[in-house]
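A.B. asks: how does the following fold in three dimensions:
(2 chains)
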Amino acid sequence: MTGGVDVIGKTIVRPYGDTTGDGMVQVSFTLPVPADKRAEGAALQLAGKMGLDPAMVVHTRQMGEGFTFFVVYGRVHHLVDLSQVVVAERDFPMLAAKEINALIRQRLRRKLSVVGACIGTDAHTVGIDAILNLKGVAGEKGLEYYREFKVVNLGAQVNVPDLVERARVERADAVLVSQVVTQRDAHLHNTKEMSAAFREAFPAHRRPLLVVGGPRFDELATSELGVDRIFGRGTTPREVASYLVHALIVNRASVGSAA
Amino acid sequence: MTPGPAHGKLNLDPAVVARARALAREAGQPVVELARSHTTVAVERAVLRLAGIHGADPDGIPWVNRLVDAVVADVGLGHGAALPVWDAMAREGIETEKLVGGADLTLLAQKAAAGSVHFGLPSGRAATAAARRGAKRAVAAGIRTIDKRRAERDRMIKRLGDPKQRPWIYLIVATGDIYEDIPQAQAAARAGADVIAVIRSTGQSLLDYVPEGATREGFAGTYATQENFRLMRAALDESSKQLGRYVRLTNYASGLCMPEIATLAGLERLDMMLNDSMYGILFRDINPIRTFVDQRFSRQIHARAGIIINTGEDNYLTTADAVEAAHTVTVSQLLNEYFAHEAGLRDWQLGLGHAFEINPDLPESFRLELAHALLARELFPDAPLKWMPPTKHMTGDVFRGNLLDGFFNLVGTLTGQGILLVGMMTEAVVTPWLSDRDIALQNVRYVLGAAGRLHEDFVPAPGGFIQRRAQEVLAEAVQLLERIASDADVAHHNAPLLNAIADGTFGIMRRPPTAGRGLDGVARHEADYYNPATELLEAAT
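C.D. replies: From the prediction side, this is the model:
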């Protein structure tokens, strides 16, 4: 399919309320005005400028002295062109734990070493723990569960130099870093600092694979941040494990044989 | 206790409950001995803060840090700061009578920082006695201020009254800027909050000093400083008078400066402080001995100041499975209770924590939550339990989140929780918006209004699911306490609890007493160790 307004082929879509093509959306927001007729008009004006036409203010509620909360339903006329959507598609196959362990055992012939940490002042270990801890997340066990992984979880507020040193000691194949706090782009600064330190400390072919994760990263920003992979919200340990064996074993082998 | 076949709503076996408490005491006692025989830089700084030292050098390092660092460099930490400091004061001829309000100490700290004064121990009985007298007089003045603040609070509560309902509604404010926090806190109070918590800047717990002055920049929170405490308390006093109920203020006595922050809280009439016995060790990698020493002093201050502590058991459930780890919450509550009582805190001051963190997709998750919450209620009938909202299973689906918060509120009222931290449907999405807070408070009000006295009718079926689950969790807690109390590989200090912490008994985090942040700020008492604050605080209890 190449562009065009082919609604039947579903390249072009619109929001769906209860009928195909009705374009209905629901939004809520607060305006710093007391709740009265004028406030409702102000909400409608904003909705109009947002492209809701017609718009209905279905709920207003004053909060405190001079704020009003609105819920607005309305129709948008914007079209979404699916052929223009760019996302980071998963470019590695999802494997089962058994397959992952087997690949490491047969092809790497040693344990795959992973070092994980929250760096900077970020104390939210929930992400790294979900991926690494035996317990895992949403019923899926973490990397500690995989027999062929050797996992070191350094926990929260780890200095970059300490992380580099530990990665060296553990002969890490991959370093996993999670970042939750995003105030003043701390997650981006920390990640760049981390990747620069690894590039400085290791020759290119010895550098561990650098993987970051967190709810507010742009998964496409790998080159900007100097890392090999970025994982966003909802990533599971098996996804990370599949990626690691793909990047460190499957891909490296094929590059090697092609050369 | 009414004798009869059933005990409370859960029919817990009083012998098992007694056994759990005895084991917590057994595990805790050697740690208390350790705390009584050691000091830390933070405890000594707290003593000097009670004596009135304040202010910071041009780099923002508090004078109290400069002074204690100079003392440690000259004579070590093990004698305490009081003797060397008041000895130097006498030698330097600083007129402690004229320079009131800690100006004498600040002057000494400035001299020490400039390298013009050296510290030693007083020589001879007379000099030692004089130094002790001077130190005690100065510290007693600080403790009198804490007493005055407590009396002030009592008067305000008498005049304005407590919240009309239980649980008290606890809301968080966190902008990083104290001057933004103030109007937000006042708005939250007007909207129905009974307790305002100002979240600290990320990472403050690992600073080995307390920043000075009013602060306008922080990461995901606002720095805890004496001036920020004062500003916020004054603002909430204003709100309390307008609203006709006393609005409480909460902050965090945790991390490397726990005893100092507790002291500042007492001096500025904060009302509640987060203060867990093991949180810093497990989740911040702070040295275990440092934590237990700091914690005991902090709790003695809190006891004196009439502050309600909030413990951090919710953390166990966010890092582990809330069903499998339910008994670790109970164990931690029992340990927190033991350490708190030992430090002089009364039951009404124990905001023991727990949380609504069971995976909502698990069948019967709500009944399990009810069982766990009721277990805490029945084990600690006179403690104002702190009930913490779901965070781990808040997904970004704000609609489902609001429903989950409603069920959380229902468990809170149904099990008579004392302090309810209001859950936000935007947990894990954004720091709460004005409208998020409003929707969350509507949720609380609806549940308390519709079902606030449902606990009168709610009696779990004898031998039914809830009773059995609660009894099972209690039994697991006893088993874990038995394992802790007998963890005597006598590697360190002969304290089984330290061994258990080193072994990773609490979660997978192994925290040996020979490692962790702040260890270099710990020392064993020398024979002549003197701490006037501990002496005064312990004389009272």
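A.B. asks: only C-alpha atoms for contact and neighbour calcs from this point on.
C.D. replies: Fine.
A.B. asks: quick one: residue A:34 from chain B, how far?
C.D. replies: From residue A:34 over to chain B the distance is 14 Å, taken as CA to the nearest CA, to the nearest Å.
A.B. asks: what does the stretch 101-250 of chain B have sitting close to chain A?
C.D. replies: By the rule CA under 8 Å from any CA of the partner chain, the part of the stretch 101-250 of chain B lying against chain A is B:187, B:190-191, B:202-203, B:219-220.
A.B. asks: any idea which of the residues you listed is the one closest to chain A?
C.D. replies: Taking CA to the nearest CA as the measure, chain A sits nearest to residue B:203 out of these, at 5.3 Å.
A.B. asks: in contact with residue B:208, which residues?
C.D. replies: Listed by CA atoms under 8 Å, 6 or more residues apart in numbering or on different chains, the contact partners of residue B:208 are B:42, B:256-257, B:518.
A.B. asks: please tell me how far it sits from residue A:202.
C.D. replies: With distances taken as CA to CA, to the nearest Å, residue B:208 is found 33 Å from residue A:202.
A.B. asks: ok, residue A:37 next?
C.D. replies: To residue A:202, residue A:37 is 65 Å away according to CA to CA.
A.B. asks: of those two, which one has the most company?
C.D. replies: The residue with more neighbours, out of residue A:37 and residue A:202, is residue A:202; 13 against 8, by other CA atoms under 10 Å in any protein chain shown.
A.B. asks: quick check: phi and psi on the more buried one?
C.D. replies: Dihedral angles phi and psi of residue A:202 (degrees, to the nearest 10) take the values phi -120, psi 140.
A.B. asks: pull stretch A:141-158 out as PDB, backbone CA atoms only.
C.D. replies: Listed next in PDB are the C-alpha coordinates belonging to stretch A:141-158 (Å, rounded to 0.1, in the frame of the first residue of the first chain):
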ATOM      1  CA  LYS A 141      10.600 -14.000  35.800                       C
ATOM      2  CA  GLY A 142      13.600 -11.600  35.700                       C
ATOM      3  CA  LEU A 143      17.000 -12.300  34.200                       C
ATOM      4  CA  GLU A 144      18.200 -13.900  37.400                       C
ATOM      5  CA  TYR A 145      15.800 -16.700  36.600                       C
ATOM      6  CA  TYR A 146      17.700 -17.700  33.400                       C
ATOM      7  CA  ARG A 147      20.300 -20.300  34.300                       C
ATOM      8  CA  GLU A 148      22.800 -19.000  31.700                       C
ATOM      9  CA  PHE A 149      22.800 -15.400  32.800                       C
ATOM     10  CA  LYS A 150      25.100 -14.200  35.500                       C
ATOM     11  CA  VAL A 151      23.400 -11.100  36.900                       C
ATOM     12  CA  VAL A 152      24.800  -8.400  39.200                       C
ATOM     13  CA  ASN A 153      22.300  -5.800  40.300                       C
ATOM     14  CA  LEU A 154      24.000  -2.800  41.800                       C
ATOM     15  CA  GLY A 155      20.800  -1.100  42.800                       C
ATOM     16  CA  ALA A 156      20.200   2.600  43.200                       C
ATOM     17  CA  GLN A 157      22.300   5.700  42.900                       C
ATOM     18  CA  VAL A 158      25.400   4.100  41.500                       C
END
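A.B. asks: next one: it to chain centre, how far?
C.D. replies: Chain-centre distance of stretch A:141-158: 19 Å, with CA atoms, centre = their mean, to the nearest Å.
A.B. asks: what do you get for stretch B:517-535?
C.D. replies: Here the centre of stretch B:517-535 is set off from its chain's centre by 21 Å, with CA atoms, centre = their mean.
A.B. asks: re earlier: filter the contacts of residue B:208 down to the ones in strands?
C.D. replies: Among the contacts of residue B:208, no residue falls in strands (DSSP state E).
A.B. asks: make a markdown table out of those residues and add distance to chain A, pLDDT and neighbour count.
C.D. replies: Formatted as a markdown table, the contacts of residue B:208 follow (distance: CA to the nearest CA, whole Å; pLDDT from 0 to 100; neighbours: other CA atoms under 10 Å in any protein chain shown):
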| residue | distance to chain A | pLDDT | neighbour count |
| --- | --- | --- | --- |
| B:42 | 21 | 98 | 28 |
| B:256 | 14 | 95 | 29 |
| B:257 | 17 | 97 | 27 |
| B:518 | 14 | 94 | 23 |
